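[1] coords below, sequence missing:
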């Protein structure tokens, strides 16, 4: 998704797509007039009812028994309908991009066949064919097994239980590089609709047809099952309450005006057309009309960043996050630690240490291991062993060498060569190893280990048999620009906690370098879960990313949980967002999008209510001037006639919706600032702007109407 | 406006500001169950009352239980006041002269006094005997005020507590409010009033010989005047302190026996705002952030001073129509000047404007001048303070929880604007709170507007309006603004003692009281159950001048948007007509 080629062709295609979306949005705007759809949005529903009502009044007027001139009722009716259509259009437009994407996704979710297995054969071996039956993918059920071989489309979401395969997931992620999927570990989840490129895997189905990841994704991006989010519901209630009050204000205005007509002996009671126009101008149509679009656009902004939120609620919660739990590796530091120094003990030569370390690392394919080999080569020219291809080949080949791989239990690795047992590993394991082999760990070693740890490095002790040779300094490389980002987060009131398996000393040093607020060292899944619970008990909202199966409990507990798409199925199930790019730093962007979503709603609500104050100055004098001519003094805008004043207000009211569609879709600009400044800025822009805009807009429309002799 | 007036205004605002802190702190101690001097003296009575009510100090109530107790207690009060009025002809103390009050008037009066409104469709000295006045009305003056404060105390506890089921104990809050706040203050205040010459006696009336006998309408010579007296001071004290406002005499605090001297006038004025203003400090103390209380105090005071300025300007300027007719009404050594129609001459226009503003800002409703005779702008000022929902100080307790509902609305919109789920004092404002706050903010306008619309449409009711033109409309609008917001003052000029008005205004008062108190308690319960979110840089600060300004804007805009059309047809057009 990130490397979309640009060029005239692409631009042309995008323009065509945009037009398709616009065209369909116009059609949808009419389809959404269905009262069953409209009733979900109380404010706009009232406008629609009002429009229907004035349409009848117009018909009556055309037949010659109107309460006002037919042109006037007609013009009001026309603009009222436009108000509803503009609001619907904004929603359709917001949905448009999602729909286009959903259509693309749906193409990949074509009906396929599945090679369903009867059970797991006792032994899988080369050349042995599995017994399977070919069924439609829709017949697969949870916990059944299927086989996917090179060229097959994966028929359903599931977890790999055997085999390893190269899978093209571009249909879901947009990422063209194929990924490896294998049983066990953190790369065991496969998604329906992706394609196996090589080899084979056996998969246990984890989602019934129609419930899979792709299906959920289609639903989400399409907005079909879009549920209102908590804040959206609360805002809808507030807007409905205002609508109700204005309904009463307008409804009681008729008897009030009738009484005033009696009292003054002049004029007529307010006509129904004027009352409906007044009502529509007063109820918060601007925010009411744009509210659905704002929510959908927020989700859409996430999708553009390749994040799929499982619910709008999660997006909203992201704006509320108080604490970000960030895994050190991959998020704060580059994934791999690099060897940066050899620190020999006592009389040991640095070269000696480097050579031993290199030997111990030859079979170590981890980035750390390779960096040791590399450093030894660069610093001491130790290249007697062939490492040219990156695949270690031992030289001389007849040497009786045996590699000892790293395990979580031993926490060391190395090689047995010529009777020498060369090891490198975690300091405590290594000290134990040295003692086992009859040596003693010099005190100096401990000092060196500590000093490396304090500097934020990871110390690896290297030993030959009973002799401790020294320490290799592995260093975490903190990603660039993070310090600034964390500072922004702090300004927004969000604390960052780094999670790491490192010892506290190392963790503290990296935490200081990266600029996080706190850290959790030697983190276990349980410790992580406990930390989240503690934070939540203190009333804080916690966000985290994770990918491994052991992250699943913490992900489920966190308020905002982002799983990497490369992660395991349990992790993806437990999370409420999935990052298709598998970029842990994206959590920060997600928080910003969540905040922006709420800010857009708040700002437009303020704008909408502030508008009303000014609209009153246009409408009130116009409506009552026939009864009390002295009220003309309140016509501060000097609008031409009562009719043009009311019509101008209605037109302004409709046009402002369409004018604000780009803002609703884009969201109000977000800056990392404290709440106090944000409030001040937004109040100035949308509060005072909301007061001023109608004065200017209505006056201009009135001038145009007058110039065109339309009133 | 004279320098003397300015001095009194300054003294008045200064005294309110000065007393807010000590009294507010004291009230906080009372509701938090801390030791007080009054507690040591009256403790045995308090404990005896708990035994009588079958409750314990430590017993916590869920908000629904709290609300049920509040409603039950008010229902009993309502029935008692209604019964006493209907039966006053056969009950002791007054059986010799009083007659039973009509059912609609008895309903209206009962609703009026239990709801802390004190709208009076009757004239006290004529219609009601001493038993009703003392056992019915004065008792309600105490308990309705204490009830309002109890609801507030529960509301504040909801904000203070976290993950808690209870919001306090209604009976405990009620008893403490009466015993430790209203009673001591009323006793001191009544004695001060008596020292100024306010009457306090069980005598029926005094007879005075006229210096200059006059002829009655029937032609007979009249040489004696019967002057009504009675146990006035004790009722007036709590009438002013508890934002009740129901006068002992029909003319309320314009009556020389209710308000005899400039000192008593000042004291009574002070008593109107005393408790409602102090409660803002109580609030700050209880939520352990005094700034939060001062913000509310500041918003209320700014609105108060703004309306006071307009009212005083309009009143001291006088009537332009008179001016064009060549009548001199500028202030001089000869006369106070300004609009003297409907004024008690002792008070003059500026003092009356101050009273009119204070009594409508707080939901007192006691009056010392004829509000019907206020200049249109001043009449609008008074009306608008009520239409804001009685939140500019407002009723004891009810004013502050009304204002807190506005705070919730303000916090909600502002909270969204800073990109977070809105929270107030660490409590998240979510759908449920929004629903309840919307009820509190929006029900009063609906009650007022619908009531007024009915009254100007129903043929019988329309004839009750005594003045033609927009002024007549103002009279009806004022009556419903007063009843729907539990103020109780009247514009007059409206024959409101009719079954229609007694019933509709009575309903408006009940809706205005209970339809707001219940959501307030619901919010309290919901807040109490929530966790407390610790503040961070991303939290909307609610103690800043910016937030105060925003809150002010929300209060004004909601008030303006709801009532501007109606006000246009009343006072605004009236003002334009006399310009």
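    Sure, I can see it. From a predicted model like this one, the values you see are computed outputs, not experimental measurements.
[2] And the pLDDT for residue B:296?
    Turning to residue B:296, the model gives it a pLDDT of 97.
[3] and whatever helix or strand it lives in, does that touch chain A?
    Under the criterion of DSSP states H and E, residue B:296 resides in helix B:290-317. No. Judged by Cβ under 8 Å from any Cβ of the partner chain, helix B:290-317 makes no contact with chain A; its nearest approach is 13.6 Å. Every C-beta, even on glycine, is put in place using the N, C-alpha and C of the backbone.
[4] which other helices and strands contact that helix?
    Here helix B:290-317 touches helix B:3-31, helix B:262-286, helix B:348-361, helix B:376-387, helix B:398-417, helix B:545-567, going by 3 or more Cβ pairs under 8 Å, 6 or more residues apart in numbering or on different chains; DSSP states H and E.
[5] In TSV, list those helices along with mean pLDDT, distance to chain A and mean neighbour count.
    Shown next, in TSV, are those (pLDDT from 0 to 100; distance: least, Cβ to the nearest Cβ, whole Å; neighbours: other Cβ atoms under 10 Å in any protein chain shown):
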stretch	mean pLDDT	distance to chain A	mean neighbour count
helix B:3-31	96	24	17
helix B:262-286	96	19	25
helix B:348-361	95	21	28
helix B:376-387	96	12	27
helix B:398-417	95	3	27
helix B:545-567	93	5	20
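[6] any chance of these in CSV, plus distance to residue A:618?
    CSV is the format used below for these (distance: least, Cβ to Cβ, whole Å):
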stretch, distance to residue A:618
helix B:3-31, 37
helix B:262-286, 37
helix B:348-361, 30
helix B:376-387, 21
helix B:398-417, 24
helix B:545-567, 12
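[7] Nearest to residue A:359 among the ones you listed would be which one?
    Among the helices and strands packed on helix B:290-317, the nearest to residue A:359 by Cβ to Cβ is helix B:398-417 (62.1 Å).
[8] In its sheet, which strands sit next to the helix or strand following the closest one, and in what direction?
    The helix or strand immediately downstream of helix B:398-417 is strand B:423-424, counting by DSSP H and E. Strand B:423-424 has the following sheet partners, assigned by DSSP bridges: strand B:427-428 (antiparallel).
[9] Give the buried residues for the following helix or strand past the partner strand.
    As assigned by DSSP H and E, the chain's next helix or strand after strand B:427-428 is helix B:431-457. Neighbour-count burial for helix B:431-457, counted by 16 or more other Cβ atoms under 10 Å in any protein chain shown, picks out B:431, B:433-456.
[10] Quick check: mean pLDDT of helix B:431-457?
    94.
[11] That one near chain A at all?
    Yes. Contact between helix B:431-457 and chain A, assessed by Cβ under 8 Å from any Cβ, occurs at B:431, B:433-435, B:438-439, B:441-442, B:445-446, B:449-450, B:452-453, B:456-457.
[12] From start to finish, how long is stretch A:263-270 in a straight line?
    End-to-end distance for stretch A:263-270: 14 Å, by Cα to Cα, to the nearest Å.
[13] who touches that stretch?
    When contacts are defined by Cβ atoms under 8 Å, 6 or more residues apart in numbering or on different chains, stretch A:263-270 is touched by residues A:253-254, A:257-258, A:260-261, A:623-624, A:626-629, B:468-470, B:472-473.
[14] Kindly report the same for stretch A:403-420.
    Contact partners of stretch A:403-420, identified using Cβ under 8 Å, 6+ apart, comprise A:359-364, A:366, A:369, A:399-402, A:421-426, A:428-430, A:433, A:464-465.
[15] Tell me the buried residues in it?
    Here stretch A:403-420 shows A:404, A:406, A:410, A:412, A:413, A:414, A:415, A:417 as buried, counting by 16+ other Cβ under 10 Å.
[16] mean confidence score for that stretch?
    79.
[17] Equivalent analysis for stretch A:251-258, please.
    If you average the pLDDT over stretch A:251-258, you get 93.
[18] Setting aside sequence neighbours, what's the nearest residue to the most centrally placed residue in chain B?
    Note on chain B: the residue nearest the mean C-alpha position is residue B:363, at 1.7 Å, using Cα atoms, centre = their mean. Counting by Cβ to Cβ, 6 or more residues apart in numbering or on different chains, residue B:395 is the residue found nearest to residue B:363 once chain neighbours are left out, at 3.7 Å.
[19] Can you tell me which residues in the stretch 601-711 of chain A are near chain B?
    Residues of the stretch 601-711 of chain A lying near chain B by Cβ under 8 Å from any Cβ: A:601-603, A:605-606, A:609-610, A:612-613, A:616, A:620, A:623-624, A:627-628, A:630-631, A:633-634, A:670, A:674-676, A:678-680, A:682-683, A:686-687.
[20] what do you get if the cut-off is 7 Å, keeping everything else the same?
    For the stretch 601-711 of chain A, the residues in contact with chain B (Cβ under 7 Å from any Cβ of the partner chain) are A:601-603, A:605-606, A:609, A:612-613, A:616, A:620, A:624, A:628, A:630-631, A:633, A:674-676, A:678-680, A:682-683.
[21] filter these to the buried ones?
    Among those, those buried by neighbour count (16+ other Cβ under 10 Å) are A:601-603, A:605-606, A:609, A:612-613, A:616, A:620, A:624, A:628, A:630-631, A:674-676, A:678-680, A:682-683.
[22] In helices only, show me those.
    Using DSSP state H, the members of those that fall in helices are A:601-603, A:605-606, A:609, A:612-613, A:616, A:620, A:624, A:675-676, A:678-680, A:682.
[23] Just the pLDDT at the closest residue to chain B within the stretch 401-550 of chain A, thanks.
    In the stretch 401-550 of chain A, no residue comes nearer to chain B than residue A:493, which is 2.5 Å away by Cβ to the nearest Cβ. At residue A:493, the pLDDT value in this model is 84.
[24] re the thing from before, distance check, the residue nearest to the centre of chain B against residue B:487.
    Here the criterion is Cβ to Cβ, to the nearest Å. By it, residue B:363 lies 5 Å from residue B:487.
[25] Now for those two: what residues contact both?
    Common neighbours of residue B:363 and residue B:487, counting by Cβ atoms under 7 Å, 6 or more residues apart in numbering or on different chains, are residue B:390.
[26] Quick one: distance of the longest strand anywhere in chain B to the chain centre.
    What stands out as the longest strand in chain B, according to DSSP state E, is strand B:205-215. Centroid separation between strand B:205-215 and its chain, computed with Cα atoms, centre = their mean, to the nearest Å, is 37 Å.
[27] wait, residue B:460 sits on residue B:503?
    No. Using Cβ atoms under 7 Å, residue B:460 makes no contact with residue B:503, being 11.9 Å away.
[28] Angles on the backbone of the most far-flung residue of chain A relative to its centre, please.
    The centre of chain A is farthest from one residue, residue A:265, which by Cα atoms, centre = their mean lies 63.5 Å away. Main-chain torsions, residue A:265, degrees, to the nearest 10: phi 70, psi 20.
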